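Undergrad: Make a model of this:
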Amino acid sequence: MNVFKIGDLKLAAATKEDVVSFIKKSISKVNGYVCVTNTRTAYLASKDKDYCQIQNNSLITIPDGMPLVWLGKLSGHKNMQRIAGPELFEYFLRDQDKSIKHYLLGDTQEVLDKLTIKAKDEFGASIVGSFSPLFSSLEEYKYKEIANDINNSEADIVWLALGSPKQDIFASKLIAHTDKKIILSVGAAFRFVLGEYNMPPKAIQTLGLTGVYWRFMQKPMLFIQQYPKYLLFLLFNAIKIKFKI
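TA: Numbers count the residues shown, from 1 in each chain. Down below sits the predicted model:
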């Protein structure tokens, strides 16, 4: 699959169809994780070499954010698309291939219970297990025990919803104990599918302001403090790509 770089971070220059095909072909063949990154996590990767390496060690790192897609197009990948975690998650739940087995990891037990029922009753998806880990530091999780439950469930795809960068680091530790599983980090996707969260209007998505919309709605003061550095990060990398610096 084609990739482009933002600094040292490698991102997939792909369409949704490319990513779906890649994941399906990888089922039962490889053991690894998929990162879904946005402007914020791309910025964090530029400041933290270890986190950047975790994303680069993924099977693929998918750009979930139009600004990253614009940088990819500026790099020469004209056909690439934004691939949002919630959309990818729902696509697989609705997929006609009902032989794919899913495991839900993260969020609260209440959310997992509701999602399991909806996935089975409305989409006909095969949910073979779920687990809501307690809120804890990354060093305190019992990765081997969690992986044993996943392995015993015979799941093909593990959908991980802990929020980034935590979920990406968690996935990188979990695969040391899993057996040919695809761990896909999707943030708030569980609540999107349940209808608790909704995507912003299409106009906002087209303008590449989905992340701006969500961060401002959730934590407006923190957004006002942090967004300028993300904007400068995008402009800096656009200049580097454009002028091949």
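Undergrad: okay, CA-based contacts and neighbour counts for the rest of this
TA: Will do.
Undergrad: what about the longest helix in the protein?
TA: Ordering each helix of the chain by length in residues (DSSP state H) puts helix 220-242 first.
Undergrad: pLDDT of that helix, averaged?
TA: Mean pLDDT, helix 220-242: 86.
Undergrad: can you pull the alpha-carbon coordinates of it into CSV?
TA: What follows is helix 220-242, C-alpha atoms only, in CSV (Å, rounded to 0.1, in the frame of the first residue of the first chain):
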residue,chain,number,x,y,z
PRO,A,220,-13.8,24.7,24.2
MET,A,221,-11.2,26.3,26.5
LEU,A,222,-8.6,23.5,25.9
PHE,A,223,-9.3,23.7,22.2
ILE,A,224,-8.6,27.5,22.1
GLN,A,225,-5.3,26.9,23.9
GLN,A,226,-4.1,24.0,21.8
TYR,A,227,-5.5,24.4,18.3
PRO,A,228,-2.9,27.1,17.2
LYS,A,229,0.0,24.6,17.5
TYR,A,230,-1.9,22.0,15.4
LEU,A,231,-2.5,24.6,12.7
LEU,A,232,1.1,25.6,12.7
PHE,A,233,2.1,22.0,12.5
LEU,A,234,-0.1,21.5,9.4
LEU,A,235,1.2,24.7,7.8
PHE,A,236,4.8,23.8,8.5
ASN,A,237,4.5,20.3,7.0
ALA,A,238,2.5,21.6,4.0
ILE,A,239,5.5,24.0,3.2
LYS,A,240,8.0,21.1,3.6
ILE,A,241,6.0,18.9,1.2
LYS,A,242,5.3,21.6,-1.3
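Undergrad: which other helices and strands contact it?
TA: Secondary-structure packing of helix 220-242 (3 or more Cα pairs under 8 Å, 6 or more residues apart in numbering; DSSP states H and E): helix 39-47, helix 66-74, helix 210-218.
Undergrad: repeat that for 10 Å
TA: strand 3-6, helix 39-47, helix 66-74, helix 210-218 (3 or more Cα pairs under 10 Å, 6 or more residues apart in numbering; DSSP states H and E).
Undergrad: worst average pLDDT in those?
TA: Among these, helix 210-218 carries the lowest mean pLDDT, a mean of 59.
Undergrad: What separation is there between residue 12 and residue 145?
TA: 32 Å (Cα to Cα, to the nearest Å).
Undergrad: scratch that, residue 25 is what I was asking about
TA: The separation that residue 25 has from residue 145, given Cα to Cα, amounts to 27 Å.
Undergrad: Of all the residues in the helix or strand residue 90 falls within, which ones are buried?
TA: In this assignment (DSSP states H and E), residue 90 forms part of helix 85-94. By neighbour count, with 16 or more other Cα atoms under 10 Å as the criterion, the buried positions of helix 85-94 are 85, 86, 87, 88, 89, 90, 92, 93.
Undergrad: Domain parsing of this structure, as residue ranges.
TA: 3-194, 202-242 (automatic domain parsing).
Undergrad: hang on, residue 239 packs against residue 245?
TA: Yes. Between residue 239 and residue 245 there is a contact under Cα atoms under 10 Å: 7.8 Å.
Undergrad: lowest-pLDDT helix or strand in the protein?
TA: The weakest-scoring helix or strand in the chain, judged by mean pLDDT, DSSP states H and E, is helix 210-218 (a mean of 59).
Undergrad: Let me know the secondary structure of the most centrally placed residue in the chain.
TA: Nearest residue to the geometric centre of the chain (Cα atoms, centre = their mean): residue 36, 2.8 Å. Put simply, residue 36 is strand when judged by DSSP: H, G, I helix; E, B strand; the rest coil.
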